[in-house]
Every structure is written in structure tokens, then in C-alpha cells.
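Colleague: can't give you the sequence, but here's the structure:
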């Protein structure tokens, strides 16, 4: 199942910055767990996905970003991607970074 997740903007939101929609493929078992969590607590599954992203992005950045880029992100500056990623994704489907 494909979930739609809002992309979190780092730092405080400026009036011009709005939440973005991101499509994510997840394992059906995880989807059921998130849906169950939402139904049990009365919150939307997207709330819990947002919490997971916000809680885990720092750890991912520490592992995957070079120290110079990590320092920029920690200072509140998130560089724009330099390459538009268009091509097949891991599932063999075409995607675009638009």
C-alpha cells in the first residue's frame, strides 16, 4: 500500500513554507500497525508517520551525510538538491523529484 506523508520543513515554518506531500511505499504489516495505532488512539496514520520522520531524520543524516553537509543542516541551512532525480526507482517505476 502507498501512504502519503507530509514532508516536514526543518526549523520554524515561514509563512511561505507549507507542508509537502510525499508518497512512500511501506510493508503491508507496517501499514496495518500504523493504521491500528491511529484507530486505537483516534489520530490519523499521517500523524504517526510524521512523528517517525521527525524523530528519525537526525539519525539518518548523521549516518548518510558528509560532515560538511551535516554541519549545514545542523546550522539550519538545508541546501537545495543539485541534481533533479528522474529515473527508475528501486521498484523499477519511473519517478520525478518535481
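Modeller: Sure thing, it's come through. Owing to the predicted nature of the structure, the values given are computational and were not obtained by experimental measurement.
Colleague: for stretch 41-57, buried residues please.
Modeller: Under the neighbour-count criterion of 16 or more other C-beta atoms under 10 Å, stretch 41-57 has 45-46, 48-50, 53 buried. Where you see a C-beta, it was placed from the backbone N, CA and C, and this is true even at glycine.
Colleague: and the strands in the chain?
Modeller: Applying DSSP state E to the chain gives strands spanning 2-7, 20-25, 86-88, 94-96.
Colleague: weakest of those in terms of mean pLDDT?
Modeller: Mean pLDDT per stretch puts strand 2-7 lowest among these, at a mean of 52.
Colleague: out of the buried residues of stretch 41-57, list just those in helices.
Modeller: 45-46, 48-50, 53 (DSSP state H).
Colleague: what's the closest of these to residue 31?
Modeller: Ranked by distance to residue 31 (C-beta to C-beta), those are led by residue 45 at 8.1 Å.
Colleague: isn't that closest one right up against residue 33?
Modeller: No - applying C-beta atoms under 8 Å, one finds residue 45 not in contact with residue 33, separated by 9.6 Å.
Colleague: now residue 68: how far from residue 77?
Modeller: For residue 68, the distance to residue 77 (C-beta to C-beta, to the nearest Å) stands at 12 Å.
Colleague: quick one, which of these two is more surrounded?
Modeller: The neighbour comparison of residue 68 against residue 77 (other C-beta atoms under 10 Å) goes to residue 77, with 11 against 7.
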